[in-house]
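The following comprises the amino acid sequence and a computationally predicted model.
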Amino acid sequence: MKNTALITGASSGIGKELATIHAEKGGNLILVARRQDKLNELQVELEKKHGVKVSTIAKDLSAVGAAKELFTEVESLGIQVDYLMNNAGFGLVGKFHELPWDRQMQMINLNMISLTELMYLFLPSMVARNSGKILNTSSTAGLIPGPLQAVYFASKAYVLSLSNAVAEELYDKNITVTSLLPGATETGFAKTSGVDKTAIYSNPASARSVAEDGYNAMIKGKLDVISVSSRSQKIQLSLVPFFPKKMLLKTTRQMQEEK
């Protein structure tokens, strides 16, 4: 397989594991993240180990206009993107009115706007050749409102809704859009957002297992895949619609307060 996958947030965590899985299957890669040094390390590792072609683009997709810049750079490389994996994202813990607005705006730009624009820019060529796959990393956080991570949870609900809607718009095309909904996962995300000290992260899944769930679901063309560390967590999530909303909000808030 020589399908080329473009992966954002590719230098660590779930994104790095997605890149590794694709390379293991013989696929070429365009890796995108902020740090060029980390991208270079991964490029050397994957090319040497799996004999695939890896291109890297250092880009901060939380910046205004960055998605269009990325698309233009990929176009200039003359590489066809067969799989688009929008994985980059971050969260912040704290009360909505107390968190810095500039950081919340960066989160909105990264989690929602850049993801949306990259889909918008890459989809026309997929439609023209009637072939392509998109994997968007949402979160189990997208299933509920999230006090103390209000914007993050809302952004992931947006990703889930957008992905499902566009998937249905493409019902008559050989193109699929899959949402990956990880629960707590062993990545740098937890430390960056501050949730590593909360009850939510008491039993995180490995980044590799989450990436495998997402990648396999994308290949099969599934709409959604929930990836958590235990069956009990899946059962709890399935019961969410039946909980009174005030109880759900209180429980979610308490789980995100530091232990």
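Arrived safely. Predicted model only: the values in this text are computed from it and were never measured.

Please count neighbours and contacts with C-alpha atoms only from this point.
Noted.

In the protein, what residue spans correspond to strands?
Remark: strands assigned in the chain by DSSP state E are 4-8, 28-33, 54-58, 83-86, 132-137, 175-182, 185-186, 205-206, 224-227.

which residues does A205 contact?
By Cα atoms under 8 Å, 6 or more residues apart in numbering, the residues touching A205 are G183, A184, T185, E186, V228, S229.

Tell me the one among those residues nearest to Q256.
A184 (11.8 Å; Cα to Cα).

Please name the nearest non-neighbouring residue to the closest one.
Leaving aside its chain neighbours, A184 sits nearest to P204 (4.7 Å; criterion: Cα to Cα, 6 or more residues apart in numbering).

what's the burial count for the nearest residue to I21 once chain neighbours are set aside?
Excluding the flanking residues, the one nearest I21 by Cα to Cα, 6+ apart is E212, at 7.4 Å. By the measure other Cα atoms under 10 Å, the count of residues near E212 is 17.

wait, isn't E212 in contact with T20?
No: using Cα atoms under 8 Å, E212 and T20 do not qualify as a contacting pair, with a distance of 10.1 Å.

Quick check: bridge partners of I30?
Applying DSSP bridges to I30 yields these beta-bridge partners: L6, S55.

quick one: it and V52 touch, right?
No: with contact defined as Cα under 8 Å, I30 does not count as touching V52 (10.9 Å).

Averaged pLDDT, stretch 81-96. What do you get?
With pLDDT averaged residue by residue, stretch 81-96 scores 96.

cool, and stretch 168-180?
Confidence for stretch 168-180, expressed as mean pLDDT, is 98.

same question, stretch 244-259
Throughout stretch 244-259, pLDDT has a mean value of 77.

now it: how far from the chain's centre is it?
Taking Cα atoms, centre = their mean, to the nearest Å, one finds stretch 244-259 lying 24 Å from the centre of the chain it belongs to.

I'd like the contacts of A205 as TSV, with pLDDT appended.
Rendered in TSV, the data for those read as follows (pLDDT from 0 to 100):
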residue	pLDDT
G183	89
A184	83
T185	79
E186	76
V228	84
S229	69
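
okay, and for the stretch 51-200 of the chain, where does confidence drop off?
For the stretch 51-200 of the chain, the stretches flagged by pLDDT under 70 are 188-200.
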